[in-house]
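Peer 1: Here's a sequence, model it:
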Amino acid sequence: MTNKLTLELDGSRLEFVAQRVLVVGYTGRDAAQVQAHIAELESQGIAPPERVPSLYALEASWVTTDAELHFPVPYVSGEVEPALLFRSDRLDDALVSVIVDFTDREEERRSIARSKLLPKPLSRRVWRYSDVAAVWDRIALRSWTDTRSDRELYQSGTLAQLLAPPDLLARLDYPGGLGSGTPAALEGTVLLMGTVPLRAREFAFTDYFACELETPDGRKLSYECRVEREKDDR
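Peer 2: Sure thing, here's the model as predicted:
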């Protein structure tokens with residue numbers, strides 16, 4: 001199953017046909033911080049990953065540019081991530097977007113893979129990876145949720161906190177390719193590359209989420225959405 005996305009590159013319309021979505025977790029460059037995060041999650045009843053980085057494959061239908069979302073469960077929260085959209089098997093031909101990894105936090109205690117089966121919305125505007133590769137580590141990554149009075153900064157960091165794209169691709173492994181010693185089938189892949197820590201250290205289950213990537217010279221990719229979710233009847 002494929003999913004055709006209508007995007008914008010340099011002010012022009014662009015069609016991207018997604019064939020798969022790959023969600024990557026535990027991609028921090030600081031190994032000690034990654035292990036501390038895993039220990040923190042274990043204390044909350046979330047099992048540690050079998051390997052680091054971890055990889056979860058989803059169908060292409062989960063990726064979207066919609067700004068109005070509905071979740072069939074109550075305890076869903078989002079995290080901002082950079083995403084690579086591969087038009088071919090080459091990194092230098094990839095596109096960059098900002099994307100949200102929405103996760104079912106209750107299901108996460110039972111199965112991380114199943115907890116990821118929710119929409120992964122991304123910005124319509126994209127960059128060429130080759131245009132921002134030289135400043136990649138200095139690109140800012142931010143997200144916001146809402147409060148009763150205003151939106152609140154939820155995450156803030158830079159891409160220097162995450163594995164660089166070439167390093168990440170070298171470490172990954174999935175049937176058919178990355179890290180397995182055989183050529184990777186990357187064309188049509190939407191790759192979520194991991195996230196930065198929450199400022200409050202607690203998940204926010206709010207009805208608004210916004211995020212952005214910003215280069216040192218002020219170029220931005222932005223996405224925001226409103227969400228409806230099933231109520232907790234307990």
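Peer 1: Can you give the contact residues for the lowest-mean-pLDDT helix or strand in the chain?
Peer 2: Counting by mean pLDDT, DSSP states H and E, the chain has its least confident helix or strand at helix 31-43, which shows a mean of 78. Helix 31-43 has contacts (C-beta atoms under 8 Å, 6 or more residues apart in numbering) with Tyr26, Gly28, Pro48, Pro49, Val52, Pro197. All C-beta spots, glycine's among them, are computed from the backbone N, C-alpha and C.
Peer 1: Buried residues in the helix or strand where Leu14 lies, which are they?
Peer 2: If you go by DSSP states H and E, Leu14 is part of strand 12-18. The neighbour-count check on strand 12-18 (16 or more other C-beta atoms under 10 Å) flags Leu14, Phe16, Ala18 as buried.
Peer 1: wouldn't the second one be in contact with Leu95 here?
Peer 2: Yes - checked against C-beta atoms under 8 Å, the pair Phe16 and Leu95 is within contact range at 7.0 Å.
Peer 1: shared neighbours, these two?
Peer 2: Overlap of the contact sets of Phe16 and Leu95 (by C-beta under 8 Å, 6+ apart) consists of Leu7, Leu85, Arg87.
Peer 1: So which of these wins on neighbours?
Peer 2: Counting neighbours by other C-beta atoms under 10 Å, the top entry in the shared contacts of Phe16 and Leu95 is Leu85, with 24 neighbours.
Peer 1: Show me what that residue is bridged to.
Peer 2: On the basis of DSSP bridges, Leu85 is bridged to Leu95, Val190.
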